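Novice: just coords:
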């Protein structure tokens with residue numbers, strides 16, 4: 001079972017490392033981290049990930065997973081990477097994403113006509129790529145599986161493990177990882193956090209990616225014309 005993660009500069013590492021930890025427990029799993037070169041790829045957490053292969057070395061995957069992060073907008077504008085995602089996704093048994101990775105799948109044309117989710121702060125962009133946005137932590141639509149923001153990647157991976165290996169197998173993986181979250185605060189969704197905190201998070205996102213909407217809409221315009 002070849003599990004291939006796209007990694008790229010300014011990726012949110014937990015989008016990748018969370019589900020990778022779970023999916024590595026699949027029977028006969030082999031996890032690959034893929035980018036343009038094998039040089040270290042800087043994440044948004046201040047440390048780097050080391051790719052195990054390049055785009056040019058990976059021609060197929062049983063599971064393709066695209067994580068998110070503020071770097072997703074750069075990837076959405078990179079035709080070489082989008083072409084690779086499109087080619088691998090067109091042959092993969094499962095085409096998946098976590099957080100804003102779904103927008104990369106969308107820009108590659110892999111979510112047109114599919115239900116999908118993403119991080120709550122980026123949700124409105126999904127429809128620009130022909131997807132049907134769904135406010136759920138994990139969304140299955142045929143062989144497309146998308147997870148919400150960041151920590152939802154662990155839930156997504158357990159749900160996918162259950163779809164592949166059965167619920168009992170997935171429950172054993174969950175127990176082995178002692179995944180039993182009890183967060184110290186009940187502020188993990190906009191509805192729970194309240195308007196003031198939601199606004200603060202939006203402001204932080206806008207500082208980190210001030211031109212994201214303009215760039216995403218430019219990608220969407222080219223997507224609509226293709």
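Specialist: It's in. These figures come from a predicted structure and were not determined experimentally.
Novice: only C-alpha atoms from now on, for both contacts and neighbour counts.
Specialist: Will do.
Novice: show the contacting residues for the residue nearest to the spatial centre of the chain.
Specialist: Centroid-nearest residue in the chain, with Cα atoms, centre = their mean: residue 98, separated by 2.4 Å. Residues counted as contacts of residue 98 (Cα atoms under 8 Å, 6 or more residues apart in numbering) are 15-16, 65-68, 118, 146-150, 152-153, 156.
Novice: if you rank these by neighbours, which is first?
Specialist: Most neighbours among the contacts of residue 98, by other Cα atoms under 10 Å: residue 146, with 35 neighbours.
Novice: got a list of contacts for the strand or helix carrying that residue?
Specialist: Secondary structure assignment for residue 146, by DSSP states H and E: strand 144-147. Contacts to strand 144-147, defined as Cα under 8 Å, 6+ apart, come from residues 94-99, 102, 111, 114, 116-118, 137-140, 153, 155-156, 160.
Novice: mind checking which of those residues land in helices?
Specialist: Using DSSP state H, the subset of these located in helices is 102, 153, 155, 156, 160.
Novice: against residue 151, how distant is residue 131?
Specialist: 22 Å (Cα to Cα, to the nearest Å).
Novice: residue 210: neighbour count?
Specialist: Neighbours around residue 210, by other Cα under 10 Å: 12.
Novice: oops, could you answer that again for residue 90 instead?
Specialist: 16.
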